[in-house]
Structures are given as C-alpha cells and as structure tokens.
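Peer 1: Quick one: sequence and predicted model below, then my questions.
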Amino acid sequence: MSVIERELVFSVVIPVFNRVDPLRRALKSVRAQDYQSFEVLIVDDGSAPDISTAIAELVSELNDSRLKLIAYRENHNGAYARNQGILASTGKYICFLDSDDEWLPAKLSQCKEFIKQHTGCKLFYHRYSNVRNNNPEPALPLQPIQIGQTAAEYSFCVNRYGGIQSSCITVEAEHAKSTRFNEQLKGHQDWDFVLRATAALSYIGFIPAALTWRHIAEGNVGMVSRDLNYQFSREFLIAYRRFFSLKATAAYAAYILTHKRLKTWPEPDFDQYQLLAWLYHPYYCYQQYRQLYQLQSRCSRLVQYCQRNNIRYVALVGVNAYTEFFIGHHGKNFAGITLIDKTKRVNTMFGDSRPAAELMVEDWQRVELLVAMTDHHFASMQSDLTPYTAKASQMYAF
C-alpha cells in the first residue's frame, strides 16, 4: 500500500433528523464500500427523544468503531449539523451524505483514484440517480462544469435546478473547515456552500459515474415549503447576488422563483426577477402558468364536491406539493383538516401530520372524507388506510 493510500482517510458527514430506517440504509451503503479507509460522523440534529434513542441504538448495533455519533437535544438545521461533522472530522477529505440517500459500492474507491490523479483539486463531485419507487432514473447532471463557468451558471442555466448535489461532493477538509455552511439559512444550504466553496477555485473536478442514489419521496420535487417560499428564495438571490451573472439570475428567477411565486400564498407582486424570467425563458414560464391552472382546477373540483355534500372535515393523505397548495389556498373553506403521512412530520395551521396508526378513534370519527393527494399511488394509500378505517373504501382521488 502506497503512502497516499495509508494516509487517505475519508470523513463521511451524515446529518440526520427524525430518521432511522433511511439512516440504516445510508450507513449500510457506506460500510459496503470497496475502499474501507473512512470514518463516519453521524450528527443527530435534535431528533425527537424516541427517535434519537433509536438512532443511538442503531449505531451501537452496527458495532463499528469508525461510526461516531454526535447528538444534541435542540434542533438547529442541516447547516449546523454538517458544520458539527466538519469540525469533528479527522480525514483529509470530507464527503457529505444525506441520511435518506445511499452510495454505490465504488464511490470512495473512485474518489480515491480521482484524488491520486488530481492532487491539487480541492473540491469535486460526481453524477447521481434519482430513485423513485426503487427505480433509478437516468444519471444527472448530463454534463460536467466547464473551466471558467461559475457554479451559479452551471447549476441554474445548464442544470436548471442545481447540478452539484450534497451527497455527491468531496472536499478537502481544510477547505471545508474554512468555508463551512451558513447556519443562518433555513434552506438552500447546499447552494450556499457550493457557491462560496467554488468561487475562488480555478478547477472543480468531476467524476462521470453515478455513485449516489438520491431517494425521492412522492411530492418532494417542487414541494412548496412555508419556510422556503418565494420571498425566502428571492432574498437568497439578493444576498448571493455577487455569485450570479445576469444570465444565471434570469435562470434562477425562472426555474426557482417562478414556480414558487405561483404556488405561494398570498401571491407576491410581479417584480424585476419575474420580468427577467419571462424575457429569457418565456416558454417555461408559460408552462408553469398552465400547470397552475390545472392544479387550481383540481382543487376547485374537490372544494365543490365537499360543498355539495356538506363536508367540513377532511383528511388529506400524503404530504406533498398538492397538499401544501390546497391547504394554503383552500384550507379556510374547512372546519378541520387532518394530515396523514407514513413518514413526513409537517406542522401546519391545522396541526401536525401523523401516520394513520397514531390517529385516535375520535379523529377517525371526525373525518368525513379521505382524500388521496397523489397522481400514481391511490391504491397503495387506500391499502395502507384500510386496517384503520372503513372510510378508506370511499377515498376521494385528488
């Protein structure tokens, strides 16, 4: 074994919040690597006490001295958690892995080979595949970042929605420690890190293989979070304006802001960023407005159905973009809304979402209509709820 192989230890930073089974899958994928010189910093960012205990038990059960758990009671955010992992790392290079993603076995060995061939590279990344219903999709991004191209232009002009995913990044530890994540941000933390970490680099490395599987739950893509609404994303653009060319600004305005402007309530005024979006990307903006009309039509049909049948209490099954939009725009028409989701815990004006198993008898009695907020999983949602209520047989398809 050469000197560089003996000294090359990767520090893998995995932030986790209220997840156990996805974390188990992520850890399994790291331990299955065909290059085994690594440490894993699992940072529990203030999970609920029972879940935090389960995470600790999982780490203990795996009985691997390379796994190090960092846990604290107060929930901060993913940026804070990643920074705790960065500061505790001892490896020469740091790799990030989200707790709901997984690596393919050749990930670290290919990273090691890349480092041997590009000794001066401080940050590099590779392709990934989105996985829906256990089916990997074609690898992304389609092309590597070019020399002289900024991360903003690459992320929003070339790849539209961000081309360098956190679970694909490897960065020299000293560079990561001097950059760190912005703990003041509620979101867009990956974009922040990539924009700042690459700003002064003359070369950003790229491995063309898809070495990460990025698991996408239904509704995650394009989900309108109340914390990541139009105003938040607009303020991010303003704060990071120095990293954006006019072309990158227009692309960000189209592919990030236009979608959120249409889905945000109340709808913000038309501004200079929307003008840029329409000037540079008119067809995309038109498509967004067309999709919005279709979504509004589906919501109107549901509201009218409830009004005709005097339904005042509904349960929405599945927390996703449809659910968020419906609550924000039409929640005022109902006396109560119950949110049911197997895995997501979301706080809304109507309370927290819960799995069906946690609903009490009085909760089911109050619900007058179950609504499956889905395009493709009506049957599975109906099957999931059948053991708990006979109302599942009459569930409404959104």
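Peer 2: In hand now; what should we look at?

Peer 1: Residue 369 touches residue 317, doesn't it?
Peer 2: No - distance between residue 369 and residue 317: 10.7 Å, which falls outside the contact criterion (CB atoms under 8 Å). The way it works is simple: take the backbone N, C-alpha and C, and place the C-beta from them, glycine included.

Peer 1: can you list the domains in the protein?
Peer 2: Structurally, the chain divides into domains by automatic domain parsing as follows: 3-215, 226-289, 298-397.

Peer 1: Need phi/psi at the closest residue to residue 344 other than its chain neighbours.
Peer 2: Spatially, and ignoring its direct neighbours in sequence, residue 344 is nearest to residue 319 (4.5 Å; CB to CB, 6 or more residues apart in numbering). Backbone geometry at residue 319, expressed as degrees, to the nearest 10, gives phi -100, psi 110.

Peer 1: And for the one 5 residues further on?
Peer 2: Listed backbone geometry of residue 324 is phi -60, psi -40, with angles given as degrees, to the nearest 10.

Peer 1: just residue 251 next, same as before
Peer 2: Here residue 251 shows phi and psi, under degrees, to the nearest 10, equal to phi -70, psi -40.

Peer 1: ok, now residue 336?
Peer 2: Summarising the backbone geometry of residue 336 under the convention degrees, to the nearest 10, its torsions are phi -160, psi 150.

Peer 1: from memory it sits against residue 312, does it?
Peer 2: Yes - shown here, residue 336 and residue 312 form a contact pair, counting by CB under 8 Å, at 7.2 Å.

Peer 1: low-confidence ranges in the stretch 151-300 of the chain?
Peer 2: In the predicted model of the stretch 151-300 of the chain, residues 161-162, 217-228, 265-266 satisfy pLDDT under 70.

Peer 1: Mind jotting down where the helices sit in it?
Peer 2: If you assign secondary structure with DSSP state H, counting those that start in this stretch, the helices in the stretch 151-300 of the chain sit at 151-152, 173-179, 189-198, 230-239, 246-252, 259-263, 272-280, 282-308.

Peer 1: buried residues in the longest one?
Peer 2: In other words, helix 282-308. Within helix 282-308, the residues that count as buried by 16 or more other CB atoms under 10 Å are 284-285, 288, 292, 295, 299, 302-303, 306.

Peer 1: In contact with residue 307, which residues?
Peer 2: residue 333 (CB atoms under 8 Å, 6 or more residues apart in numbering).

Peer 1: I'd like the distance between it and residue 337.
Peer 2: Taking CB to CB, to the nearest Å as the measure, residue 307 and residue 337 are separated by 15 Å.

Peer 1: next one: residue 172
Peer 2: Taking CB to CB as the criterion, residue 172 is separated from residue 337 by 49 Å.

Peer 1: Counting neighbours, go ahead and name the busier of the two.
Peer 2: Using other CB atoms under 10 Å, the more surrounded residue of residue 172 and residue 337 is residue 337, with 22 against 19.

Peer 1: which strand residues sit across from the more buried one in the sheet?
Peer 2: Beta-bridge pairing of residue 337, defined through DSSP bridges, involves residue 314.

Peer 1: Isn't it up against residue 350?
Peer 2: Yes - between residue 337 and residue 350 there is a contact under CB under 8 Å: 4.3 Å.

Peer 1: quick one: common contacting residues for the two?
Peer 2: Residues touching both residue 337 and residue 350 (CB under 8 Å, 6+ apart): 327, 331.

Peer 1: just to revisit the earlier point, which one of residue 369 and residue 317 is surrounded by more residues?
Peer 2: residue 317 (28 against 19).

Peer 1: Contacts only, for that one.
Peer 2: Contacts were defined as CB under 8 Å, 6+ apart; by that measure residue 317 touches 340-341, 370-374, 381, 385, 395.

Peer 1: again, but for residue 243
Peer 2: Residue 243 makes contact with 150-152, 195-196, 199 under the criterion CB under 8 Å, 6+ apart.

Peer 1: Show me what counts as buried in stretch 116-129.
Peer 2: Taking 16+ other CB under 10 Å as the neighbour-count basis, stretch 116-129 is seen to contain the buried residues 121-129.

Peer 1: Kindly export it (C-alpha atoms) in PDB.
Peer 2: The C-alpha atoms that make up stretch 116-129 are tabulated as PDB, following Å, rounded to 0.1, in the frame of the first residue of the first chain:
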ATOM      1  CA  LYS A 116      -4.400  10.400  -6.900                       C
ATOM      2  CA  GLN A 117      -4.800  11.800 -10.500                       C
ATOM      3  CA  HIS A 118      -5.700  15.400  -9.500                       C
ATOM      4  CA  THR A 119      -3.700  16.100  -6.300                       C
ATOM      5  CA  GLY A 120      -4.400  19.800  -6.300                       C
ATOM      6  CA  CYS A 121      -8.200  19.600  -6.600                       C
ATOM      7  CA  LYS A 122      -9.900  20.900  -3.500                       C
ATOM      8  CA  LEU A 123     -13.500  20.100  -4.500                       C
ATOM      9  CA  PHE A 124     -15.000  17.600  -6.900                       C
ATOM     10  CA  TYR A 125     -18.300  15.800  -7.400                       C
ATOM     11  CA  HIS A 126     -20.000  13.100  -9.400                       C
ATOM     12  CA  ARG A 127     -23.300  12.100 -11.000                       C
ATOM     13  CA  TYR A 128     -26.300  10.800  -9.200                       C
ATOM     14  CA  SER A 129     -29.500   9.000 -10.000                       C
END
